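A.B. asks: this one's sequence-less:
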């Protein structure tokens, strides 16, 4: 967590002793996310086709882009949203939108991540946006990922939290069992994601999400990725391998930028 110090002191205190330190100001996780998001928006230039990410961190970036458009500091921006939620947010801010059919090449995408490993591989989709994000970010020239330092892991799955896999609803139990068997040596538990009402969570594409919880590394990520996608019933998974070109991390030491 970042700490800021004040050097203000009275004239009498200055004569008697060094300036006292004020109480530390501790930034919240959301404030760190906002700092990273604003830094990422510095990459945006007028006339760009932009991939607009989804989630608590990306929301700050979309808000900032909308603000700069309103102020006239950015012009002729076209956004390609990665979810219905981001689409609604962007429209409310007056950001012009389109899609991949009309803009198959994107200049820049800005999005968050649930995990980032030392090689800039990502886990995404714990918020429910997965397939559209991978389509948009796979079509961009530059993908800037924004996170706070809590998202950094030694290996994908290292947080112990979910590795999302989007699956078709038809016989989802069959698909989930195949996924569990595939990573049995990693101590895998496969669970269907539910919504707040206890019903199956449904993605923007009408699919379900099976969350994989791993106790050990899954091995070669590319091999694992290909194996998951070969299972009938799997639509896409949450490993974004070799896609991020820049990762911006906000932490107690300030902003760190990591490039491919």
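C.D. replies: Cool, the structure landed. Predicted model only: the values in this text are computed from it and were never measured.
A.B. asks: From the chain's centroid, how far away is stretch 178-189?
C.D. replies: Relative to its chain's centre, stretch 178-189 lies at 25 Å (Cα atoms, centre = their mean, to the nearest Å).
A.B. asks: Contacts for that stretch next, please.
C.D. replies: Residues outside stretch 178-189 that contact it (Cβ atoms under 8 Å, 6 or more residues apart in numbering) are 157, 165, 190, 210, 212-219, 224, 227-228, 231, 233-234. Every residue, glycine included, has its C-beta placed from N, CA and C.
A.B. asks: Report the buried residues of it.
C.D. replies: With burial defined by 16 or more other Cβ atoms under 10 Å, the residues of stretch 178-189 counted as buried are 178-180, 182-183, 186, 188.
A.B. asks: and the contacts of stretch 178-189, which of them are in helices?
C.D. replies: With helices taken from DSSP state H, the overlap with these comprises 224, 227-228.
A.B. asks: Need the three-state assignment for residue 104.
C.D. replies: Secondary structure, DSSP: H, G, I helix; E, B strand; the rest coil: residue 104 is coil.
A.B. asks: For it, give me its contacts.
C.D. replies: Each residue near residue 104 by Cβ under 8 Å, 6+ apart is listed here: residue 139.
A.B. asks: ok, it to residue 258 distance?
C.D. replies: According to Cβ to Cβ, to the nearest Å, residue 104 and residue 258 sit 28 Å apart.
A.B. asks: next one: residue 115
C.D. replies: From residue 115 over to residue 258 the distance is 14 Å, taken as Cβ to Cβ.
A.B. asks: do the same with residue 76
C.D. replies: 30 Å.
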